[in-house]
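> this is the structure alone, sequence omitted:
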């Protein structure tokens, strides 16, 4: 029952945030632009995501189309940027820096492929739960 209550509260908080962001985009249309309103820095339209140095790359780099994701709250992915607004790499020490594990919130692999119970922040998790975006390997990892 407690697990259900936490899931309900999480969904409720996500719905409230979605309504707030929708309202913000209606009244402040520039908020969805490719320039950060808070820092004035340019937001790239495409990001090349590579494995951390020292890790054997088994697949081609992922070309992440940043622009189609600009309508989402940035902190869904950049979840440690609440206070600093600094967008570090996912593999930054203390975030998803463990390249040996395939599960857990500190796992580099799980950051993109994991199915997390407490938060919905991996690419695959978001694509599956949202019903949009690629979920097959080659949808993100282009053939070499």
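Noted; the coordinates are in hand. Every value quoted in this text rests on a predicted model; they were computed, and no experiment measured them. Residues are numbered from 1 along each chain as shown.

> show me where this structure has its strands.
Read by DSSP state E, the chain holds these strands, from start to end of the chain: 46-49, 62-65.

> who's in contact with the first one?
So the one you mean is strand 46-49. 61, 62, 63, 64, 65, 66, 67, 90, 112 (CB atoms under 8 Å, 6 or more residues apart in numbering). For the C-beta atoms, the positions are set from N, CA and C on the backbone; glycine is no exception.

> didn't residue 51 look like it was pressed against residue 109?
No: checked against CB atoms under 8 Å, the pair residue 51 and residue 109 is beyond contact range at 9.3 Å.

> picking that back up, minimum distance to residue 80: which of the strands of the chain has it?
Of all the strands of the chain, strand 46-49 sits nearest to residue 80, with 16.7 Å by CB to CB.

> paired strands for that closest one, with orientation please.
Paired with strand 46-49 in the same sheet, following DSSP bridges, are strand 62-65 (antiparallel).

> domain parsing for the chain?
Using automatic domain parsing, the domain parsing of the chain gives 1-32, 35-140.

> which stretch in these is the model least sure about?
Taking each of the domains of the chain in turn, the lowest mean pLDDT turns up on domain 1-32, with a mean of 54.

> how close does the closest residue in space to residue 114 that isn't next to it in sequence sit to residue 102?
Closest residue to residue 114 apart from its sequence neighbours, by CB to CB, 6 or more residues apart in numbering: residue 122 at 4.4 Å. The span separating residue 122 from residue 102 equals 12 Å under the rule CB to CB, to the nearest Å.

> have a look at those two and say which one is more surrounded.
When neighbours are counted by other CB atoms under 10 Å, residue 122 and residue 102 differ, and residue 122 comes out ahead with 21 against 12.

> what's near enough to touch that one?
Under the criterion of CB under 8 Å, 6+ apart, the contact list for residue 122 reads 110, 111, 112, 113, 114, 115, 116.
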